[in-house]
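**Q** Okay, here's the prediction I keep looking at, along with the sequence it came from:
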Protein chains: 2
Amino acid sequence: MLKKPSIPKGTRDFGPEEVTRRNYIMNIIKQAFSLYGFQPIETPSFENSETLMGKYGDEGDRLIFKILNSGDFLSKVDTEIYTEKDSNKITSHISEKALRYDLTVPFARYVVQHQNEITFPFKRYQIQPVWRADRPQKGRFREFFQCDADVVGSTSLWQEVEFVQLYDDVFNKLNLKGVTIKINNRKILSGIAEVMGAEEQLIDFTVALDKLDKIGEEGVKKEMREKGISENALEKLQPLFSFKGTSEEKLNNLEKMLSTSEVGIMGINEIRFITETISKLGLQTANLEIDVTLARGLNYYTGAIFEVVAPDGVAMGSIGGGGRYDDLTGIFGLKNVSGVGISFGLDRIYLVLEQLNLFPETVSANTKILFINFGEKESLYAMEAISKLRKSQIAAELYPDEAKMGKQMGYADKRNIAFVVLAGEKEMNEKAYTLKNMKTGEQFSLNFDELKTAIK
Amino acid sequence: MLKKPSIPKGTRDFGPEEVTRRNYIMNIIKQAFSLYGFQPIETPSFENSETLMGKYGDEGDRLIFKILNSGDFLSKVDTEIYTEKDSNKITSHISEKALRYDLTVPFARYVVQHQNEITFPFKRYQIQPVWRADRPQKGRFREFFQCDADVVGSTSLWQEVEFVQLYDDVFNKLNLKGVTIKINNRKILSGIAEVMGAEEQLIDFTVALDKLDKIGEEGVKKEMREKGISENALEKLQPLFSFKGTSEEKLNNLEKMLSTSEVGIMGINEIRFITETISKLGLQTANLEIDVTLARGLNYYTGAIFEVVAPDGVAMGSIGGGGRYDDLTGIFGLKNVSGVGISFGLDRIYLVLEQLNLFPETVSANTKILFINFGEKESLYAMEAISKLRKSQIAAELYPDEAKMGKQMGYADKRNIAFVVLAGEKEMNEKAYTLKNMKTGEQFSLNFDELKTAIK
């Protein structure tokens, strides 16, 4: 007896219901991306290692899945290097390709490689899997889809406005009402650090501030002290801990706090444009909230920072995020191309919709009607009807074998098929079909047109 | 100056038009799969190596992309093995996962692993990329999509009938009329070998016969002689070289030729059921043709063998194929589960549709209307209209920057956007929009409802 087969840890099989529900979410996102003028691109699952390595920090480099060279890969390894038996050193000699780690770096590579074919500003979306050799845990997988939309080639803040609307639109269409779109700006964080005299510790400072929700005011201060941020600086930070009110009030308070910081004021003006414009245009069901503790991979973002959290009462963390990065394509030699983009967290959105029971019942790729198999003649009669139903976009099946009735009905039942047709010799003679509604148990004798109408 | 980035050989970037066209094909295939009662599943991109290795022959094993273990992978390699410096021997010690090579083996693994959750007969479809370290050449890639539908758990020939209809349906919906669905049966090939007394050389014999189209009768005979097939056997094969006529005539001739072969007669009866049923049910635009030279990976198939070729005049080889395999899941320990399936060749179908100019013009994810950016006030006015258009499912954009008119119009032109709206102060005062049709150059002053109607 063979061992029952399994799949690698951190990966998943998706059955019909899961695929259908995931597609339901992705289709809504895709349609919204299209309506907002984004166009789809796709890049290869693996890239040359040099494209990916060094772009995500040391931790990222470790977590990138490397592909072993084909053929006699060891023949290319120097005896000297081979003798050392050092995994890190040998890797680049036996592996030249690696699986995509996110969609952003491949997108930057795409823009630079195809810069002469692209019309800028370039609005692209991309929905593809990525792979990370992370330790798997609840909600964290080694293979997962990212759903990204980005614009490169314009610094206009109208794009930030549109991304807020896009988030609102998608979550509203998913019937997930009351999400909060948090917004911050890297320039405000820089301004705060400047006013505190902690510019050198900008990263330590924002990493600590980012944890306010989790570890509270005292926790944040403790961590900052440990990182060598002075008491004097912490005092200047104090107003942020009681940072409440409307966007207008928050911005006015920030303005006072950051009055001496040019970059800080710039950040405030940017946010103000976005929040004021959004309040004029209105949102459908989302809330837009300024959150100056929001950092999200700070090194990356240079302007706006976004994060979306599920409605109150759903403990799920962020279900989307993004921001502006002023020099994404610089890593591949194309300077001064500003970009801004957002991402949807498919797996978490799925869990939220499941938890709140928000998947529509009609989301199903299921067969609508099963014809019972009574033998060869009857099956031919059934197949004639089935062909016509399929031409009317009705998913129909013939049970393939002349099995016992109980088995065939059991199949319809387990597959959740709504209708069953029994058509034996009697029905054939009458050019009729006996239709059974599997929910109510009712049976009717119908001609073909009546049958079609009944199940529509 | 950095080197311009590139992608690994045999892989592709897909731009907006290509993605949209590929999705057009895949959506038609998916819809047809659904209408025929197939349900979608998805499996991980990489599997445990033991799941894939040894399933595709030595050649296949070589062409499977292996993923290097994470972390200090060399520490797990014995000094003894390491010292040998043998790429083949070391592979299983430094790599435990491999990229999917096709969708069939992962499907077999899925069925065995989930056998207790599955309702049999199980009709599944799967559309996902696969990876092969093949030498790239025209039309052959290292990453490509497969589109498969299979049923496991029934030996009914009605399934073969349905697959013929499904092929007809999909190619008809793609407007690719006149494809030929070739059908053969492994049992007929076995019967021919039996009658020839060449059972031991079944594979050599079918490999040679499969080349009839390419190398002609004399070429086939030459190859068979080289493989040690006797002149006496070749004589018995002679009728196949003038194998013409209707399905009925072909089957009658075969019946005479194979009258002494039990398995051969079984194969003839199977094909006869399929062709006779199809001729009763009718096909829309495809032709069904018996081709006894068709083999396609003979070791795999046990019953029907299918192959679809493009209409006359299009040199493209097969654009689809499949067949019945009686013991697919046996490799994972689940015996006696018969399967039958077909596959669509996405890349080749794409090339055929392109060559014949069959992509509908409406297949485009493009923005319908661009609003020119005249400044902040005007943009807000534009954005109000844009939001409403998007709610009506019209893809609309604001040019993000207040750039020169020529640049903005140039963007609309290069992006192939059909309509442009000019709305400056005058229009704002009149609550109007100046709509320009980019094709005709005509301009109209319209209110919002007129605008919406005009572009629909």
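**A** Great, that's in hand.
**Q** A:Ala114 touches B:Asp13, doesn't it?
**A** For residue A:114 the amino acid is His, not Ala. Yes: counting by C-beta atoms under 8 Å, B:Asp13 is a contact partner of A:His114 at 7.0 Å. All C-beta spots, glycine's among them, are computed from the backbone N, C-alpha and C.
**Q** what residue ranges in the stretch 301-450 of chain A are flagged as low confidence?
**A** Within the stretch 301-450 of chain A, the ranges that satisfy pLDDT under 70 run A:363-365.
**Q** Might you enumerate the residues of it proximal to chain B?
**A** Neighbours of chain B within the stretch 301-450 of chain A, by C-beta under 8 Å from any C-beta of the partner chain: A:332-333, A:365-367, A:373, A:379-380, A:383-384, A:387, A:390, A:393-398, A:400-401, A:411, A:414-415.
**Q** what ranges do the helices span in the stretch 251-400 of chain A?
**A** In the stretch 251-400 of chain A, the segments counted as helices under DSSP state H, counting those that start in this stretch are A:262-281, A:346-355, A:376-391.
**Q** will you turn the ones you listed into TSV that also has distance to B:Ile229 and mean neighbour count?
**A** As requested, the helices of the stretch 251-400 of chain A are exported to TSV (distance: least, C-beta to C-beta, whole Å; neighbours: other C-beta atoms under 10 Å in any protein chain shown):
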stretch	distance to B:Ile229	mean neighbour count
helix A:262-281	78	18
helix A:346-355	56	18
helix A:376-391	39	18
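**Q** Can you say which of these is nearest to B:Ser70?
**A** helix A:346-355 (21.3 Å; C-beta to C-beta).
**Q** where does the helix or strand hosting A:Glu218 sit relative to the chain's centre, distance-wise?
**A** According to DSSP states H and E, A:Glu218 maps onto helix A:212-226. The chain centroid and the centroid of helix A:212-226 are separated by 30 Å under C-alpha atoms, centre = their mean, to the nearest Å.
**Q** elements contacting it?
**A** Helix A:212-226 sits against helix A:202-209, helix A:231-237, with contacts defined as 3 or more C-beta pairs under 8 Å, 6 or more residues apart in numbering or on different chains; DSSP states H and E.
**Q** Do you know the pLDDT at A:Gly57?
**A** On pLDDT, A:Gly57 comes in at 85.
**Q** same thing with A:Gly297?
**A** Looking at A:Gly297, its pLDDT reads 67.
**Q** Counting neighbours, go ahead and name the busier of A:His114 and B:Asp13.
**A** Just comparing A:His114 and B:Asp13: by other C-beta atoms under 10 Å in any protein chain shown the higher neighbour count belongs to B:Asp13, 16 against 13.
**Q** so which of the helices and strands packed on helix A:212-226 comes closest to chain B?
**A** Distance to chain B, taken as C-beta to the nearest C-beta, is lowest for helix A:202-209 among those, at 25.4 Å.
**Q** residues in contact with that closest one?
**A** A:189-190, A:192-193, A:196, A:198, A:220, A:223-224, A:227-229, A:240, A:292-293, A:295, A:298-299 (C-beta atoms under 8 Å, 6 or more residues apart in numbering or on different chains).
**Q** give me that answer again for 10 Å
**A** A:184, A:186, A:189-190, A:192-194, A:196, A:198-199, A:201, A:215, A:219-229, A:233, A:237, A:240-241, A:292-296, A:298-299 (C-beta atoms under 10 Å, 6 or more residues apart in numbering or on different chains).
**Q** filter these to the buried ones?
**A** Listed as buried from the contacts of helix A:202-209 are A:184, A:186, A:189-190, A:192-194, A:196, A:198, A:201, A:220-221, A:223-224, A:229, A:233, A:237, A:240, A:292-296, A:298; burial here means 16 or more other C-beta atoms under 10 Å in any protein chain shown.
**Q** The closest residue to chain B within the stretch 51-200 of chain A - how many residues pack around it?
**A** Per C-beta to the nearest C-beta, A:Ser156 is where the stretch 51-200 of chain A lies closest to chain B, at 3.5 Å. Close neighbours of A:Ser156, defined as other C-beta under 10 Å, add up to 21.
**Q** That one in helix, strand or coil?
**A** Of the three states, A:Ser156 takes coil according to DSSP: H, G, I helix; E, B strand; the rest coil.
**Q** so it sits right up against B:Asp401, yeah?
**A** Yes: between A:Ser156 and B:Asp401 there is a contact at 4.9 Å, judged by C-beta atoms under 10 Å.
**Q** and for those two, which residues touch both?
**A** Taking C-beta under 10 Å, 6+ apart as the criterion, A:Ser156 and B:Asp401 both touch A:121, B:373, B:379.
**Q** What is the nearest of those residues to A:Gly71?
**A** Closest approach to A:Gly71 among the shared contacts of A:Ser156 and B:Asp401 (C-beta to C-beta): A:Pro121, at 43.6 Å.
**Q** ok, which stretches of the stretch 1-150 of chain A are helices?
**A** A:16-35, A:49-52, A:57-63, A:79-84, A:87-94, A:104-113.
**Q** okay if I get those helices as JSON lines plus mean neighbour count and distance to chain B?
**A** Formatted as JSON lines, the helices of the stretch 1-150 of chain A follow (neighbours: other C-beta atoms under 10 Å in any protein chain shown; distance: least, C-beta to the nearest C-beta, whole Å):
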{"stretch": "helix A:16-35", "mean neighbour count": "19", "distance to chain B": "4"}
{"stretch": "helix A:49-52", "mean neighbour count": "20", "distance to chain B": "6"}
{"stretch": "helix A:57-63", "mean neighbour count": "13", "distance to chain B": "7"}
{"stretch": "helix A:79-84", "mean neighbour count": "12", "distance to chain B": "6"}
{"stretch": "helix A:87-94", "mean neighbour count": "16", "distance to chain B": "4"}
{"stretch": "helix A:104-113", "mean neighbour count": "23", "distance to chain B": "5"}
